[in-house]
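# here is a sequence with its predicted model. Questions after.
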There are 2 protein chains.
Amino acid sequence: MTKNSPMSSARRRSDCVCINLRRMSRVVSQIYDDALAPSGLKITQFCLLRAIERLGSTSVGALADDQELDRTTLTRNLALLERDGLIEQSAGVDKRMSVAQLTRAGSAAIARALPHWEGVQKELRRTLGAETLAQLSDIHARISGVAKASAG
Amino acid sequence: MTKNSPMSSARRRSDCVCINLRRMSRVVSQIYDDALAPSGLKITQFCLLRAIERLGSTSVGALADDQELDRTTLTRNLALLERDGLIEQSAGVDKRMSVAQLTRAGSAAIARALPHWEGVQKELRRTLGAETLAQLSDIHARISGVAKASAG
DNA sequence: GAAAATTAGGTGTATATACTCACAAATAAC
DNA sequence: GTTATTTGTGAGTATATACACCTAATTTTC
C-alpha cells in the first residue's frame, strides 16, 4: 500500500475511452468548422463531398461503407448537400439504388474550402506532430478492425 | 520522381484528422452503446451521470466546463436525464444557476450500467493495449490544450 | 441606490447520428 | 412465371451537438 497514487488525481478527467474520443471529436470538429466557416461548409460536409469526388458516382450504401457511417445518417446528410445544390442524386441501373455525384457547385465548394482545410491540417501537424497524427491513424485502423470483427 | 508511392494507396481511408476522430468516436460509441443497452443508458448519459456523481451538486456551467461540452448541449442532455428521473435540477443560491444532482434512480442506473461499461473498457484494453489507451489520453490532453489556447 | 455591464441559463433552429419499421426492386425457389 | 427472400433506401422518431439570440439575476459604476 505504500506504492499509492500513481499520478492518480493529477489529470482526473475521465477514464472512459469512448467519452475521451467523443470529446476529442467535438473539440477538433470545432477547430475545423471555425476554419471552414468562410467556405460555407462544415467539416463533415467537406469530407463527404471529397469522398463523393474520390469515388465518383456512388450509391448510398457504398458511400456509407466507405465512411463507416450509418446508411440512414448518410441519407440525411446527402439530402442537405442536394438541397444546397452541391450534389445530385438519381436512380442507378438498379432502380433501388440512389446514386450521388458532385455538381459543378459541389466541386467549387470543395475548391473553396480546401485551402482552409489544409491550413488546419498543417497547423495540427505542427502543434501535435506528425508522429502523433500517424498514431491516431493507426489507432483508428485498429479500432475499425475490432468493430468489424465484433459486428461480423 | 522515383521516390513515389510511400505506402500511398494502401490504406486510402481519409487523411483528415477531424473525420478520423469522428469515425473513431462513432464506431466506439456504438460498441459502448450496445454493451450498455441492457442498462437503458447510452454511454453519453452514463458518463454524464458519473460526472454529476463525481462533482456532487453542480451548476450547468461547471459541468459543461468539466465535460468540455457546449453549455446549451448540456442543457438538453440534462433535460432528458431529468425527464427519466435520473437527476433533479433546482435553483442555486445564485438564482440564475441551475444545480443538478443525482436521484436515487440515477445512482441505481449508474450501478446497473457499471459492470457493462467495465467490460467494454477491459475488452478495449485487451484488444488495443494499455499503451494505446494511454496514447489516446495523452493526445486528448494535448488537443484540449491546443483548443483552449486558440480559444483564449 | 439606480443605470450599466456582466454572467448563468434557456429557446429556436440547424446539423449529425442511429434505430426501427416500411416499401419497392431485384433475385432466388419452386 | 409466381411466390418468397433478399437487398437498397427512405421515413419516423430519438439523442447529441452547437450557434445566435433572449431573459433574468448578479455585480459594477457612478
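Looks like it came in fine. Residues are numbered from 1 along each chain as shown, chains lettered A, B, ... in the order given.

# restrict stretch A:110-124 to CA atoms and write it as PDB.
The C-alpha coordinates for stretch A:110-124 follow below in PDB (Å, rounded to 0.1, in the frame of the first residue of the first chain):
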ATOM      1  CA  ILE A 110     -14.500  21.800 -52.300                       C
ATOM      2  CA  ALA A 111     -12.000  24.100 -54.100                       C
ATOM      3  CA  ARG A 112     -13.100  27.000 -52.000                       C
ATOM      4  CA  ALA A 113     -12.800  25.100 -48.700                       C
ATOM      5  CA  LEU A 114      -9.600  23.200 -49.500                       C
ATOM      6  CA  PRO A 115      -7.000  25.800 -48.500                       C
ATOM      7  CA  HIS A 116      -8.800  26.400 -45.200                       C
ATOM      8  CA  TRP A 117      -8.800  22.700 -44.500                       C
ATOM      9  CA  GLU A 118      -5.100  22.400 -45.500                       C
ATOM     10  CA  GLY A 119      -4.400  25.200 -43.100                       C
ATOM     11  CA  VAL A 120      -5.800  23.300 -40.100                       C
ATOM     12  CA  GLN A 121      -4.200  20.100 -41.100                       C
ATOM     13  CA  LYS A 122      -0.800  21.800 -41.300                       C
ATOM     14  CA  GLU A 123      -1.400  23.600 -38.000                       C
ATOM     15  CA  LEU A 124      -2.300  20.400 -36.300                       C
END
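
# that one - what's its average pLDDT?
For stretch A:110-124, mean pLDDT is 96.

# what does the lowest-mean-pLDDT helix or strand in chain A contact?
Across the helices and strands of chain A, the lowest-confidence element by mean pLDDT, DSSP states H and E is helix A:130-151, at a mean of 85. With contact meaning C-beta atoms under 8 Å, 6 or more residues apart in numbering or on different chains, helix A:130-151 is reached by A:68, A:124-125, B:11, B:13, B:17, B:20-21, B:23-24, B:27-28, B:30-31, B:124, B:127-128, B:132, B:135-136, B:139, B:142. Quick note: C-beta positions are derived from backbone N, CA and C, even for glycine.

# now list the buried members of those residues.
Neighbour counting over these (16 or more other C-beta atoms under 10 Å in any protein chain shown) leaves A:68, A:124, B:13, B:17, B:20-21, B:23-24, B:27-28, B:30-31, B:124, B:128, B:132, B:135-136, B:139 as the buried ones.

# follow-up on the earlier one: any residue of the least confident helix or strand of chain A up close to DNA strand C?
No. Against DNA strand C, helix A:130-151 shows no contacts by C-beta under 7 Å from any atom of the strand, the least distance being 9.9 Å.

# and that helix, what's buried?
In helix A:130-151, counting by 16+ other C-beta under 10 Å, buried: A:Thr132, A:Leu133, A:Gln135, A:Leu136, A:Ser137, A:Ile139, A:His140, A:Ile143, A:Ser144, A:Val146, A:Ala147.

# which two in those residues are spaced the farthest apart?
The span of the buried residues of helix A:130-151, defined through C-beta to C-beta, is set by A:Thr132 and A:Ala147 at 22.3 Å.

# show me which of the buried residues of helix A:130-151 is closest to B:Leu41.
Taking C-beta to C-beta as the measure, B:Leu41 lies nearest A:Ala147 of these, at 20.4 Å.

# would you mind measuring from that closest one to B:Arg23?
10 Å (C-beta to C-beta, to the nearest Å).

# also A:Gln89?
Distance of A:Gln89 to B:Arg23, computed by C-beta to C-beta: 23 Å.

# before we move on, what about A:Tyr32?
In this view, A:Tyr32 and B:Arg23 are 14 Å apart by C-beta to C-beta.

# leaving out chain neighbours, which residue sits closest to the closest residue to chain B within chain A?
Residue nearest to chain B within chain A (C-beta to the nearest C-beta): A:Ser25, separated by 3.9 Å. Counting by C-beta to C-beta, 6 or more residues apart in numbering or on different chains, B:Ser25 is the residue found nearest to A:Ser25 once chain neighbours are left out, at 3.9 Å.
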